[in-house]
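> Need a 3D model of the following:
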Amino acid sequence: MFYVYLLHSIRDAGLYIGYSSNLRRRLSEHQEGASRATSYRAPGNLIYYEAYTEEADAIGRERYLKSGAGRKLLRSQLRNYFTKHPLRTA
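Next comes the predicted model:
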């Protein structure tokens, strides 16, 4: 399985979107600061993920979610979460 996931940083209230074939290991790397992409933002909460059987599908979804339209979709889908836990303003 391949996973697309969304982390919400406790430190700076930003979002990180990624994909991995081993979600548990990847989340552990994020929390331990072993990921350059999020080491300065840790800790973070996993707030959303999707599972795919094909890697290409997961990569395509990750790219979409990182786009403006994808981020807008996530904010809409997770509006109740973001009401309680606001995003950082850019």
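> show me where this protein has helices.
In the chain, the helices defined using DSSP state H lie at 23-32, 55-66, 68-77, 79-84.
> I'd like to know which elements the third one is packed against.
Spelled out, it's helix 68-77. With contacts defined as 3 or more C-beta pairs under 8 Å, 6 or more residues apart in numbering; DSSP states H and E, the packing partners of helix 68-77 are strand 15-20, helix 55-66. To be clear about C-beta, it is placed using only N, CA and C from the backbone, and glycine gets the same treatment.
> let's see 10 Å
Applying 3 or more C-beta pairs under 10 Å, 6 or more residues apart in numbering; DSSP states H and E, we find helix 68-77 packed against strand 2-9, strand 15-20, strand 44-52, helix 55-66, helix 79-84.
> can you redo the ones you listed as a markdown table with mean pLDDT, distance to residue 27 and mean neighbour count?
Shown next, in a markdown table, are these (pLDDT from 0 to 100; distance: least, C-beta to C-beta, whole Å; neighbours: other C-beta atoms under 10 Å):
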| stretch | mean pLDDT | distance to residue 27 | mean neighbour count |
| --- | --- | --- | --- |
| strand 2-9 | 95 | 8 | 22 |
| strand 15-20 | 94 | 8 | 20 |
| strand 44-52 | 94 | 6 | 16 |
| helix 55-66 | 98 | 15 | 16 |
| helix 79-84 | 92 | 17 | 11 |
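> Tell me which of these lies nearest to residue 32.
Residue 32 lies closest to strand 44-52 among those, at 11.6 Å (C-beta to C-beta).
> which residues touch that closest one?
When contacts are defined by C-beta atoms under 10 Å, 6 or more residues apart in numbering, strand 44-52 is touched by residues 1-12, 14-21, 23, 26-27, 30-31, 35, 38, 57-62, 65, 74, 77-78, 81-82, 85.
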